[in-house]
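>>> Just to be clear, the model below is a prediction. Sequence and coordinates:
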Amino acid sequence: MRADKILPILAITFLSLGFGESCRHAMVRYPQSPPEACRIYPTSRECKRALDLRSAQAEQGGEVHKVQHTYYFFGLYPGNLVLDTSKYCADGPKSVHQYTSFWNGFWEQITLAIYSPQTVEIECYK
């Protein structure tokens with residue numbers, strides 16, 4: 001086979017394997033603490049009203065924040081990054097989702113995994 005035919009095939013194979021590798025996801029969902037009215041009397045009318053109000057607000061969805069985390073050397077440095085969700089969500093987080101987006105994977109592949117960014121989405125309770 002000629003070199004002019006092999007080079008495009010190798011390039012397509014490398015890009016397919018490289019970008020296909022970058023589908024890393026980690027998601028954590030947090031339960032919401034009970035309303036104040038339900039802590040003392042869980043069977044009261046006030047508790048039922050507070051739960052109904054909360055379920056109506058939950059359908060609307062909460063605010064979503066995107067945070068970029070920077071890792072180096074195949075994601076080995078820094079070892080652990082602590083994210084304080086109270087800076088983003090006053091009522092606590094509903095979910096935290098860390099993943100490699102297309103552009104994160106692109107930069108990771110271009111730098112040969114020396115620079116490995118990750119995106120973190122924080123969804124808040126309303």
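Good, I have the coordinates. Numbering: from 1, shown residues only.
>>> low-confidence ranges in the protein?
Scanning the chain with the threshold set as pLDDT under 70 gives 1-3, 13-23.
>>> For the residue nearest the centre of the chain, give me its contacts.
The residue lying closest to the centre of the chain (Cα atoms, centre = their mean) is residue 97, at 2.1 Å. Taking Cβ atoms under 8 Å, 6 or more residues apart in numbering as the contact definition, residue 97 lies against 25, 26, 27, 28, 120, 121, 123. Quick note: C-beta positions are derived from backbone N, CA and C, even for glycine.
>>> with the residues you listed in mind, which one is nearest to residue 55?
Distance to residue 55, by Cβ to Cβ, is smallest for residue 123 among the contacts of residue 97, at 16.4 Å.
>>> How far away from the center of its chain is stretch 65-74?
Computed by Cα atoms, centre = their mean, to the nearest Å, the chain-centroid distance of stretch 65-74 equals 11 Å.
>>> Then stretch 70-86?
Put simply, stretch 70-86 sits 13 Å off its chain's centre (Cα atoms, centre = their mean).
>>> Could I get the buried residue list for it?
Applying a neighbour-count criterion of 16 or more other Cβ atoms under 10 Å, one finds 71, 75, 85 buried in stretch 70-86.
>>> how far away is the residue nearest to the centre of the chain from residue 75?
17 Å (Cβ to Cβ, to the nearest Å).
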